[in-house]
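In: Sequence first, predicted model second:
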There are 2 protein chains.
Amino acid sequence: MNNEQINFNKYPDGMPQDDTFKYEEIDIKNPKNGEIQLKTLYISVDPYMRGRMSQGDSYVQPFEVGQPIVSHIVAQVTASEADGFQEGDIVTGMLPWRKYNTVTSDKVNIVPSTEVPLELYLSVLGMPGQTAYHGLLDIGRPQEGETVVVSAASGAVGSVVGQIAKIKGCRVVGIAGGPDKVNYLTDTLGFDAGIDYKDKQFAENLAQALPDGVDVYYENVGGTIADEVFKHLNRFARVPVCGAISSYNHPEDDIGPRIQGTLVKKQAMMRGFLVAEFANDFKNASETLAQWVHEDKIKTQTTVANGFDKVPEAFRNLFTGDNFGKQVIKVADPE
Amino acid sequence: MNNEQINFNKYPDGMPQDDTFKYEEIDIKNPKNGEIQLKTLYISVDPYMRGRMSQGDSYVQPFEVGQPIVSHIVAQVTASEADGFQEGDIVTGMLPWRKYNTVTSDKVNIVPSTEVPLELYLSVLGMPGQTAYHGLLDIGRPQEGETVVVSAASGAVGSVVGQIAKIKGCRVVGIAGGPDKVNYLTDTLGFDAGIDYKDKQFAENLAQALPDGVDVYYENVGGTIADEVFKHLNRFARVPVCGAISSYNHPEDDIGPRIQGTLVKKQAMMRGFLVAEFANDFKNASETLAQWVHEDKIKTQTTVANGFDKVPEAFRNLFTGDNFGKQVIKVADPE
């Protein structure tokens, strides 16, 4: 039985390339006391990881060149020398990109239920779901009847943001790229409107979808899309800033209208956040999200790439818009 | 005895010009029942008023062409037909730019004390003081030992912001234009550092004054000065946005780095505000500010222009940096 890992090979300039990553064959380690051996089932790729591929000031530590990249993973215990973990258990954790990991058992958590598709622990029941939940409810604080706009609306975070806003009784307008994603927002997820940012009439269509302006803008993309939304902010609007994916590979071009004047005119609030700051409330949020999934109030869309060799390509798809919903890589079936 | 008013004559394109204003001779009206006749003593000119000289979307109603401009005024009652007001009383209110106004008595408030210089009711004991107090304490929420940066730091609002921050035990760095203003910050107001934005070494000097970064940035100016401060924000920094005076006459040029990436990295908050939203707490703040002035914990600097004919010039000085501290116009002495 062979093992393999994907190392961070080189800081990319702009979009990550093939040489950003390097596959390496390694051994499978047997667990020592307190350790478990894990077979990787699903690997998550997420936009925030681009920040770890940059040197210098970021909110997350840069990946180390020559060391394996790390992300959220769903895995199955193949051998256990740790209390409370048995062969066959399904776990999640932040783990190196390897086919097999051997780690101390405190690095992972056993999933609360295996009756849902396991990849949901990388989307609505994992970090993206928490990010949607806390950014919207704790920072955006939408009230019934208000208008919520979310960008990257068909994505892992945006799709959950919009559906929670619907549960809370808001008018929800999602922004996404292309007719398929836009139709998905309205037809499948129940958004009130979906706006295609690739459409030449984007600004006009957005304005038309916002007769009552914007009370909460859940920001995922930045750039000119955000500039356009900001024109419609209402008085006392709130803007949770989760990310600005449009700029991740081109930070030097991220120039646009400064926001201060708009914030004063609208007495509006913007707040950048990282999901980790809400760690104390993860458990409550998880239970609520699981309940909503169970009741079919939150639907999910996943793009699954098959095979450990597809990880780099799947990562790049996040930035080209070629994924639809949550992007994961399936590495193996559970046993 | 003649009266005179200054009408809003024309929407200015960029910096207000002579033809933005038009003097008009009018009559003095005798007060009817419930009214008082007022002699203007001091007129306030404030940066936010530029917003009322623009058509379209702003947070304040535009001035009406052909009607007198309105601002905060200190006046003396010269005749009263209203309960609770006597000849000789000193009042403040939002009043038309006239040598004499005749208004219903609900338009003004009698000042709490005439033992302080009356022009203070247009600065630290008036709207600018409230703006400093609530923006800093209610939005910025500085904690003892934190670093507070304020721009337009020698101005009517900024100077009070910095002094309150000192009272609260913060390290205070002020940004102002030219050596006189910068020295005033450190030598007279007790700021820990003053940085001259006109200095070619501005960025380096600012960085040097911020060894522990910025926890609260009280934003008055916008533009490239703000861009530079944003580079130093600490995690969980707060940015009360009071204004962006650098852009008021050139909104079309207000282009710079978008802020979303910084807000996420720093989990930082920006909030635009108008002082009116804190109206319920004006009285408490007034008493506290008066106490600090009495104890000499808050010092003030006023630039006084003499004569009703100097109002337009004094207004323009706000945007050229030619005023120092609070800009007022003295129209008459109290009797």
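Out: Great, that's in hand.
In: need the helices for chain A, in chain order.
Out: Taking DSSP state H, the helices of chain A run over residues A:127-134, A:158-167, A:179-187, A:202-209, A:223-230, A:260-266, A:282-294, A:311-320.
In: now for the last one, which elements pack on it?
Out: To tie it back to what came earlier, the one meant is helix A:311-320. Applying 3 or more C-beta pairs under 8 Å, 6 or more residues apart in numbering or on different chains; DSSP states H and E, one finds that helix A:311-320 makes contact with strand A:302-306, strand A:326-330. To be clear about C-beta, it is placed using only N, CA and C from the backbone, and glycine gets the same treatment.
In: in stretch A:125-138, what counts as buried?
Out: A:125-137 (16 or more other C-beta atoms under 10 Å in any protein chain shown).
In: Please apply the same query to stretch A:41-56.
Out: Applying 16+ other C-beta under 10 Å to stretch A:41-56 flags A:41-54 as buried.
In: and if you look at stretch A:91-103?
Out: For stretch A:91-103, a neighbour-count test (16+ other C-beta under 10 Å) marks A:V91, A:T92, A:G93, A:L95, A:P96, A:W97, A:R98, A:K99, A:Y100, A:N101, A:T102, A:V103 as buried.
In: do you know which of the helices and strands packed on helix A:311-320 lies nearest chain B?
Out: strand A:326-330 (19.9 Å; C-beta to the nearest C-beta).
In: Which strands border that closest one, and is each parallel or antiparallel?
Out: Paired neighbours of strand A:326-330 in the sheet (DSSP bridges): strand A:35-44 (antiparallel), strand A:302-306 (parallel).
In: The longest one: how far from the chain's middle?
Out: Translated: strand A:35-44. 20 Å (C-alpha atoms, centre = their mean, to the nearest Å).
In: How many residues are close by the residue nearest to A:G14 when sequence neighbours are not counted?
Out: Spatial nearest neighbour of A:G14, chain neighbours left out: A:N249 (4.9 Å); criterion: C-beta to C-beta, 6 or more residues apart in numbering or on different chains. The tally of other residues near A:N249 (other C-beta atoms under 10 Å in any protein chain shown) stands at 18.
In: For the closest residue to A:N2 other than its chain neighbours, give the beta-bridge partners.
Out: In this structure, A:N2 finds its nearest non-sequential neighbour in A:E25, 6.3 Å apart by C-beta to C-beta, 6+ apart. For A:E25, the beta-bridge partners are A:E4 (DSSP bridges).
In: Model confidence score at the residue of the stretch 101-250 of chain A found nearest chain B, please.
Out: Proximity of the stretch 101-250 of chain A to chain B (C-beta to the nearest C-beta) peaks at A:A244, 4.0 Å away. Looking at A:A244, its pLDDT reads 87.
In: cool, and A:M15?
Out: Per-residue pLDDT puts A:M15 at 89.
In: got the phi/psi numbers for the closest residue to it other than its chain neighbours?
Out: Leaving aside its sequence neighbours, A:M15 sits nearest to A:N249 (C-beta to C-beta, 6+ apart; 4.8 Å). Phi and psi for A:N249, reported as degrees, to the nearest 10, are phi -100, psi 0.
In: Quick one: residues contacting A:I329.
Out: Shown in contact with A:I329 (C-beta atoms under 8 Å, 6 or more residues apart in numbering or on different chains): A:Y42, A:I43, A:V45, A:V304, A:A305, A:N306, A:G307, A:F308, A:K310, A:V311, A:A314.
In: shouldn't A:N3 be in contact with A:E25?
Out: Yes. With contact defined as C-beta atoms under 8 Å, A:N3 counts as touching A:E25 (7.2 Å).
In: These two: which has the busier surroundings?
Out: A:N3 (17 against 8).
In: residues from chain A in reach of chain B?
Out: Proximity of chain A to chain B is confined to A:51, A:57-59, A:219, A:222-223, A:226, A:241-244, A:247, A:251, A:254-274, A:277 under the rule C-beta under 8 Å from any C-beta of the partner chain.
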